[in-house]
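Asker: could you work out the structure for the sequence below:
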Amino acid sequence: MVDYRITKRDDAMIWKIDVRKPDKDMRLLVDDGLVALAFADGTMLGEFRAGEKKLFNEGGKAGKAYKKAHFGFYVFNREKAAPVKWGVGKTPVPYEDRKLGGLVLNVCAYGHCDVMIHDAVRLWEKLPADYTADNVVQPQEIEAFIQREVIARITPILSKKLNEIGDFTRVTAAADTLSKGLTYALPDLENLGLHVDKAVIEGIDFTDESKEIIEKHRAGKVAKIESEIVREQSEQIKNILTALNAGDGNKEE
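Answerer: Reported below is the predicted structural model:
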């Protein structure tokens with residue numbers, strides 16, 4: 001029996017370890033918080049966690065079954081939250097603004113999500129077929145997949161939360177509220193073996209077109225107020241002149 005230790009790295013959430021030829025009856029010693037998936041080319045041979053008494057290539061069976069295969073481990077750090085940066089700019093988030101009578105405004109936003117891996121096997125099984133077709137998957141590809149899936153879910157959630165606010169005067173000040181909404185509304189990522197620890201909106205603003213709509217609304221409102229003031233003033237002047245004319249008439253009599 002040969003001991004093989006897999007140690008934790010503080011600088012990575014996912015990394016790969018190549019093994020040219022596995023020894024017979026390798027006992028994997030996995031650090032706390034890590035999960036190691038063993039592979040022969042693209043075939044997963046087992047999952048290894050801290051404290052488990054499991055052998056890799058037990059009795060030399062794996063080595064015999066996959067004589068020409070490339071062996072290795074993908075290691076997942078379940079205790080490290082990876083900040084996944086996201087942004088919605090080229091495809092802004094739409095919502096209906098009740099303050100503008102249901103007009104659709106578009107918002108751009110950016111931020112990050114702290115994502116953790118809670119089920120490495122499920123995450124691997126959810127990877128697209130083209131990722132694993134050549135039996136060579138880089139950790140960067142897995143991280144890119146995680147980022148893509150997070151971003152794909154953010155836009156519809158933001159749109160829903162903005163519709164609940166429905167007031168352009170409150171949107172840019174609602175970053176904290178929207179961040180909490182994202183954090184609580186992203187648990188469906190658990191279907192991918194992921195968990196969102198925290199979602200943060202770092203910046204949010206309207207698109208130029210929406211800003212123009214808002215300015216036109218404000219300008220129109222100001223113009224309406226000014227016209228109402230002028231009308232009221234005209235009525236006051238008219239009343240004063242009428243009263244003066246009535247007074248002049250009384251003097252002539």
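
Asker: got the buried residues for the helix or strand harbouring residue 114?
Answerer: Residue 114 belongs to strand 103-117 when assigned by DSSP states H and E. Under the neighbour-count criterion of 16 or more other Cβ atoms under 10 Å, strand 103-117 has 105, 106, 107, 108, 109, 111, 112, 113, 114, 115, 116, 117 buried. Using the backbone N, CA and C atoms, a C-beta is placed for each residue, glycine as well.

Asker: pull up the pairing partners for it, direction included.
Answerer: Sheet neighbours of strand 103-117, with direction, are listed as strand 82-97 (antiparallel), strand 194-206 (antiparallel) (DSSP bridges).

Asker: got a markdown table for these, with mean pLDDT and mean neighbour count too?
Answerer: Listed next are the strands paired with strand 103-117 as a markdown table, based on pLDDT from 0 to 100; neighbours: other Cβ atoms under 10 Å:
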| stretch | mean pLDDT | mean neighbour count |
| --- | --- | --- |
| strand 82-97 | 83 | 17 |
| strand 194-206 | 89 | 18 |
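
Asker: of the ones you listed, which is nearest residue 29?
Answerer: Across those, residue 29 has its closest neighbour in strand 82-97 (24.5 Å, Cβ to Cβ).

Asker: got the CA coordinates for that closest one in PDB?
Answerer: What follows is strand 82-97 as a C-alpha-only set of coordinates in PDB (Å, rounded to 0.1, in the frame of the first residue of the first chain):
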ATOM      1  CA  ALA A  82     -14.600  31.800  -5.800                       C
ATOM      2  CA  PRO A  83     -15.600  35.300  -6.800                       C
ATOM      3  CA  VAL A  84     -17.400  35.000 -10.200                       C
ATOM      4  CA  LYS A  85     -17.500  38.400 -11.900                       C
ATOM      5  CA  TRP A  86     -20.500  39.200 -13.900                       C
ATOM      6  CA  GLY A  87     -21.900  42.200 -15.900                       C
ATOM      7  CA  VAL A  88     -25.000  43.000 -17.900                       C
ATOM      8  CA  GLY A  89     -24.200  45.800 -20.300                       C
ATOM      9  CA  LYS A  90     -24.500  44.500 -23.900                       C
ATOM     10  CA  THR A  91     -27.800  42.900 -23.100                       C
ATOM     11  CA  PRO A  92     -29.300  45.200 -20.400                       C
ATOM     12  CA  VAL A  93     -32.000  44.200 -18.000                       C
ATOM     13  CA  PRO A  94     -35.500  45.400 -18.900                       C
ATOM     14  CA  TYR A  95     -38.400  46.100 -16.500                       C
ATOM     15  CA  GLU A  96     -41.700  48.000 -16.500                       C
ATOM     16  CA  ASP A  97     -41.700  51.300 -14.600                       C
END
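
Asker: and it, how far from the chain's centre?
Answerer: Centroid separation between strand 82-97 and its chain, computed with Cα atoms, centre = their mean, to the nearest Å, is 8 Å.

Asker: next one: stretch 52-71
Answerer: Distance, centroid of stretch 52-71 to centroid of chain: 39 Å (Cα atoms, centre = their mean).

Asker: with stretch 108-127 instead?
Answerer: Counting by Cα atoms, centre = their mean, stretch 108-127 comes out at 9 Å from the chain centroid.

Asker: that stretch: end-to-end distance?
Answerer: The first and last residues of stretch 108-127 sit 29 Å apart, counting by Cα to Cα, to the nearest Å.

Asker: now it: mean pLDDT?
Answerer: Averaging pLDDT along stretch 108-127 gives 88.

Asker: where exactly do the helices run in the stretch 151-253 of the chain?
Answerer: 168-171, 175-185, 208-252 (DSSP state H, counting those that start in this stretch).
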